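Enquirer: coords below, sequence missing:
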C-alpha cells in the first residue's frame with residue numbers, strides 16, 4: 001500500500017483533503033472478498049494545532065468509513081462510503097456504488113477528493129497546524145474466525161499513516 005498524492009488546501013470555509021492511494025490487496029483478502037465476506041476500511045484525518053509548550057492540540061477530527069463487498073447473485077462489487085460507522089446489520093446513511101470488477105471498486109475506494117476535514121472556525125490564522133492522515137483496515141468487522149487468524153499476519157496488515165504540515169497563513 002502506498003500514497004501517490006496527499007494535499008490539504010486551506011479555503012475560506014475550512015480545510016479540504018485530497019489523496020490518491022495505491023491499494024494492493026493480498027490474495028487472502030481477495031479470496032475472502034470473492035466468497036462474500038465484506039471488508040471495512042477507516043480513513044481518519046486529525047487536525048492538530050502545534051504548540052511549543054505542550055503536546056499538539058487536536059482541533060478537528062474527520063472520519064470516513066468504507067465497506068467493500070461482493071454480491072455473488074449479481075456478480076457485482078458494492079462500495080459503501082459513510083461519515084458514520086457502518087455495521088453488519090445496516091448501512092445507515094451511506095453512498096452506495098456498484099462496480100463490475102474489483103479493480104474498478106478499488107479505484108473508487110482509493111480516490112479521496114475535496115473531503116472537508118476541518119471548519120474555518122476551528123483554524124486560527126496565526127497558528128501552525130498539521131493534519132494526520134490514516135487509512136487502515138478495520139478488522140473488528142471481520143468474522144471472528146478471521147479476526148483470530150488475521151492477528152499478526154501480513155496478509156491482513158493494511159494501514160498507512162502520513163502527516164501534512166500546513167503553511168502559516170498571515171492574519172487578515
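Expert: Okay, I see it. Small disclaimer: the values here were computed from a predicted structure and weren't measured. Numbering: from 1, shown residues only.

Enquirer: Downstream of the lowest-mean-pLDDT helix or strand in the chain, the next helix or strand is which one?
Expert: Ranked by mean pLDDT, DSSP states H and E, the weakest helix or strand in the chain is helix 144-150, scoring a mean of 61. Next in sequence after helix 144-150, counting helices and strands by DSSP states H and E, comes strand 159-166.

Enquirer: What residues are bridge-paired with residue 57?
Expert: Beta-bridge pairing for residue 57 (DSSP bridges): residue 49.

Enquirer: so what's it up against?
Expert: 48, 49, 51 (CB atoms under 8 Å, 6 or more residues apart in numbering). All C-beta spots, glycine's among them, are computed from the backbone N, C-alpha and C.

Enquirer: Return the members of those classed as buried.
Expert: When the contacts of residue 57 are checked for burial by 16 or more other CB atoms under 10 Å, the buried set is 48, 49.

Enquirer: from the contacts of residue 57, which single one is nearest residue 126?
Expert: Closest approach to residue 126 among the contacts of residue 57 (CB to CB): residue 49, at 10.8 Å.

Enquirer: In space, what's closest to residue 30 - neighbours in sequence excluded?
Expert: Spatial nearest neighbour of residue 30, excluding adjacent residues (CB to CB, 6 or more residues apart in numbering): residue 102 at 6.9 Å.

Enquirer: sec struct for the one residue sitting closest to the centre of the chain, please.
Expert: The chain has residue 43 as the residue nearest its centroid, 1.8 Å off, counting by CA atoms, centre = their mean. Secondary structure, DSSP: H, G, I helix; E, B strand; the rest coil: residue 43 is strand.

Enquirer: correct me, but it touches residue 81?
Expert: No: with contacts counted by CB atoms under 8 Å, residue 43 stays clear of residue 81, the gap being 9.1 Å.

Enquirer: Give me the common contacts of these two.
Expert: In contact with both residue 43 and residue 81: 64, 65, 66, using CB under 8 Å, 6+ apart.
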